[in-house]
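K.L.:
The sequence and its predicted three-dimensional model are supplied below.
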Amino acid sequence: MKEFVSGYEAAFIPIYREAGLASWEANITGTDEAWARNEKASISYVNFFTDREAFAELKELKESGMVRDPLLARQLEIMYNQYLSGQVDTALLSQQVKMETEITKKYTTYRAVVNGREMSDNEVEDVLRNSLKSSELQAAWEGHKMIGPAVADDIIKLVKHRNTIAQQLGFSNYHQMSLELSGQDPEDVTEIFDELDSLTRDTFAGLKDEIDGYFAARYGISKDDLRPWHYQNRYFQEAPEIYAVDFDRYYENQDPVQLARAYYAGIGLPVDSILARSDLYEKPGKNQHAFSTDIDRAGDVRTLDNIRSDSYWMNTILHELGHGTYSYYNDMSLPFALRDAAHTFTTEAVANYFGRLATNPSWMNQMGIIDEKEMNRIADESNRAFRLQQLVFSRWAQVMYRFEKAMYENPDQDLNQLWWDMVEKYQMLDKPEGRDMPDWATKIHVALYPCYYHNYLLGELLASQFNAYIHSSVIKGDTDTDMKATGDFFRTSVFMPGARYQWNDMIEKATGEKLTAKYYAMQVIE
Ligand SMILES: [Zn+2]
């Protein structure tokens, strides 16, 4: 195993590094040359794990049961899964890429036609957010949903194709394979989703009634006449702004980068060398979103942003630097394969923990953005807005997780009905009378970002678990000492362990408990 690891590191580190650098270059410049380099690097990366001899060697090591040293055993587990996903028949794999490309094209070129006029997704969202007329809302919602019949059959074929691949690798279906190869047991994830469902159901029902009251008044109709197009969003995945606090106002004259720099320095996790390598502001050709990347797992950590002085970008830079510090403050004595997050959702959790601070009145006061009087004035409304947003999102994530799981278990069932069963049960929206359309196929993640959505919610749960642990066991009431203690907690209990433990063991060692929905529920329920 030791020999395998040194061969792996010698061959893979340069490929990993080139993939990171090429993607960085492409995302900040957007030039054709940079994208071509990026494509080449991604292909080398994927091809690396198709090596059949290397996989056979790992399989033999695994089956021998003789790799008992904890660090070597953990590397074996991670590498085995990496190579296993590369052992698919290449013809099946290129067929899958072809199918995905075709579907991508259909989504990209589709425009809703509403009363004879073409509309982009943004225009549909605009109508849903701003129109007060039920007929206009319904037309926009139904127009957008017409992408469903255009892609549904292709998606079912793709789902079955993905299942064939999974079965070839020894899994019962693609959903099970995706979770297991990422180190998640589907039963554990379902258990957490069940726990969260039962903890939030009643509170959500109460809030949903409040939301319905708000919308009934907004549209001048009765609650019974509300339909899915009345919720200001194509999927009811975001909360309506019932308790709007205008956070942007507070950031108009602030510099989010300086605030983030000062905050991270204050908790003893300075980010100067991350910021020095980062690309922080808008420019032509550049990716308009944000991400953080660990180029070499040896200190070259960067973040791409398009920062403006508003609350969205304050949240985003804190979020990306959460990912960034997780990478930067890893334990350099660990072998390369373990100098990584315990799971993608654990790094999302850290990023969410810090991102949430941007709209947290006590943090804003501590950072000198608002005074104590203003902090007290907006405390309740901010908290209500946070709870509403989280509850609405968590119910929507339930729909996505359970629909995908059931779809991969049996793609031949009545998926149109399955979708609305989930929507009615978890989001408590009523299916429009007699509707029998593939509305599930209108959500691009179902087709193209499969079996990943649950990680967004797990990230929120863990962010709340970290928050609860920090409040009960890390901080003592003196601001300066508490900030340092918070940074220390993350560095020693979350960042330094890297991927040396399975994610749930890391969480248990860090917080004294395995991942639980309990603290998230406590935070979002009054
Ligand atoms: Zn993130």
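P.N.:
Received, thanks.

K.L.:
next helix or strand past the longest helix anywhere in the chain?
P.N.:
Longest helix in the chain by number of residues (criterion: DSSP state H): helix 372-409. Next in sequence after helix 372-409, counting helices and strands by DSSP states H and E, comes helix 415-422.

K.L.:
going on from that next one, what's the next piece of helix or strand?
P.N.:
helix 444-448.

K.L.:
Relative to the whole chain's centre, how far out is that following helix?
P.N.:
Distance of helix 444-448 from its chain centroid, counting by CA atoms, centre = their mean, to the nearest Å, is 14 Å.

K.L.:
list the helices and strands the helix or strand just after it packs on?
P.N.:
Next helix or strand after helix 444-448 toward the C-terminus (DSSP H and E): helix 454-469. Contacts defined by 3 or more CB pairs under 8 Å, 6 or more residues apart in numbering; DSSP states H and E place helix 454-469 against helix 186-219, helix 344-355, helix 372-409, helix 503-511, helix 518-524. Placement of C-beta: from N, CA and C, glycine included.

K.L.:
Quick one: mean pLDDT over the helix or strand hosting Lys105.
P.N.:
Secondary structure assignment for Lys105, by DSSP H and E: helix 90-109. The predicted model gives helix 90-109 an average pLDDT of 89.

K.L.:
Could you list the buried residues of it?
P.N.:
Using 16 or more other CB atoms under 10 Å as the test for burial, helix 90-109 gives 96, 99-100, 103, 107.

K.L.:
Name the nearest residue to Thr479, ignoring sequence neighbours.
P.N.:
Gln366 (6.6 Å; CB to CB, 6 or more residues apart in numbering).

K.L.:
ok, now Gln96?
P.N.:
For Gln96, the spatially nearest residue (CB to CB, 6+ apart) is His161, at 5.9 Å.

K.L.:
Helices of the stretch 1-150 of the chain, start to end?
P.N.:
2-29, 32-48, 52-64, 70-85, 90-109, 121-130, 134-145, 147-168 (DSSP state H, counting those that start in this stretch).

K.L.:
picking that back up, would you check that the residue nearest to Gln96 makes contact with Ser94?
P.N.:
No - applying CB atoms under 8 Å as the test, His161 and Ser94 come out as separate, 11.4 Å apart.

K.L.:
hmm, back to that, so how far is Leu93 from the residue nearest to Gln96?
P.N.:
Using CB to CB, to the nearest Å, His161 is found at 10 Å from Leu93.

K.L.:
can you tell me which of the helices of the stretch 1-150 of the chain comes nearest to Ser273?
P.N.:
Smallest distance to Ser273 across those (CB to CB): 15.8 Å, for helix 2-29.

K.L.:
In contact with the residue nearest to Gln96, which residues?
P.N.:
92, 95-96, 99 (CB atoms under 8 Å, 6 or more residues apart in numbering).

K.L.:
and of those residues, the nearest to Leu132?
P.N.:
Once CB to CB is applied, the member of those that ends up nearest Leu132 is Met99, at 41.4 Å.

K.L.:
Which residue is the nearest non-sequential neighbour of the closest one?
P.N.:
Closest to Met99 by CB to CB, 6+ apart is Leu158, at 4.8 Å.

K.L.:
In contact with Tyr110, which residues?
P.N.:
By CB under 8 Å, 6+ apart, the neighbours of Tyr110 are 147, 150.

K.L.:
list the contacts for the spatially most central residue of the chain?
P.N.:
Centroid-nearest residue in the chain: Tyr456, 3.6 Å away (criterion: CA atoms, centre = their mean). Tyr456 makes contact with 345, 348, 393, 397, according to CB under 8 Å, 6+ apart.

K.L.:
and the closest residue to Ala510 other than its chain neighbours, how many neighbours?
P.N.:
Leaving aside its chain neighbours, Ala510 sits nearest to Ser493 (3.8 Å; criterion: CB to CB, 6+ apart). Neighbour count of Ser493, defined by other CB atoms under 10 Å: 17.

K.L.:
Isn't Ser493 up against Lys509?
P.N.:
Yes - between Ser493 and Lys509 there is a contact under CB under 8 Å: 6.8 Å.

K.L.:
before we move on, back to that, could you report the neighbour count for the residue nearest to Met99?
P.N.:
Counted with other CB under 10 Å, the neighbours of Leu158 add up to 22.

K.L.:
wait, doesn't it sit right on Glu102?
P.N.:
No - taking contacts as CB under 8 Å, Leu158 lies outside contact range of Glu102: 9.0 Å.

K.L.:
Please report how far Leu181 lies from Ile78.
P.N.:
10 Å.

K.L.:
If we go by neighbour counts, what in stretch 279-297 is buried?
P.N.:
Those would be 279-280, 286-287, 290, 292-297, for stretch 279-297 by 16+ other CB under 10 Å.

K.L.:
where does that stretch sit relative to the chain's centre, distance-wise?
P.N.:
With CA atoms, centre = their mean, you get 17 Å for stretch 279-297.

K.L.:
Could you do stretch 372-391 as well?
P.N.:
Distance, centroid of stretch 372-391 to centroid of chain: 24 Å (CA atoms, centre = their mean).

K.L.:
Give me the buried positions along that stretch.
P.N.:
Across stretch 372-391, burial judged by 16+ other CB under 10 Å covers 375, 378, 382-391.

K.L.:
out of the residues you listed, which one sits closest to Gly266?
P.N.:
Once CB to CB is applied, the member of the buried residues of stretch 372-391 that ends up nearest Gly266 is Met375, at 17.9 Å.

K.L.:
How confident was the prediction at that closest one?
P.N.:
For Met375, the model assigns a pLDDT of 97.

K.L.:
list the contacts for it?
P.N.:
For Met375, counting by CB under 8 Å, 6+ apart, the contacting residues are 361-362, 364-365.

K.L.:
biggest separation within the residues you listed, which pair?
P.N.:
So, the contacts of Met375 by CB to CB: farthest apart are Ser362 and Met364, at 7.3 Å.

K.L.:
The two - which one has more neighbours?
P.N.:
Met364 (25 against 14).

K.L.:
these two touch, right, the more buried one and Asn376?
P.N.:
No - here Met364 does not reach Asn376: they are 11.9 Å apart, not a contact under CB under 8 Å.

K.L.:
Just flag the most distant two among the contacts of Tyr456.
P.N.:
Phe345 and Phe393 (14.6 Å).

K.L.:
the more surrounded of the two?
P.N.:
A direct count of neighbours by other CB under 10 Å for Phe345 and Phe393 places Phe345 higher, at 24 against 18.

K.L.:
quick one: the more buried one from Leu515, how far?
P.N.:
When Phe345 is compared with Leu515 (using CB to CB), they lie 9 Å apart.

K.L.:
And the buried residues of stretch 279-297, which two are furthest apart?
P.N.:
Taking every pair in the buried residues of stretch 279-297 and measuring CB to CB, the maximum separation is 24.8 Å, between Lys286 and Arg297.

K.L.:
on that earlier part again, so for Ile274, which of the helices of the stretch 1-150 of the chain sits nearest?
P.N.:
Shortest distance between Ile274 and those, using CB to CB, is found for helix 2-29: 13.2 Å.

K.L.:
got the buried residues for the closest one?
P.N.:
Neighbour-count burial for helix 2-29 [16+ other CB under 10 Å]: 4-5, 8, 12, 16-29.

K.L.:
I'd like the distance from it to the chain centre, please.
P.N.:
24 Å.
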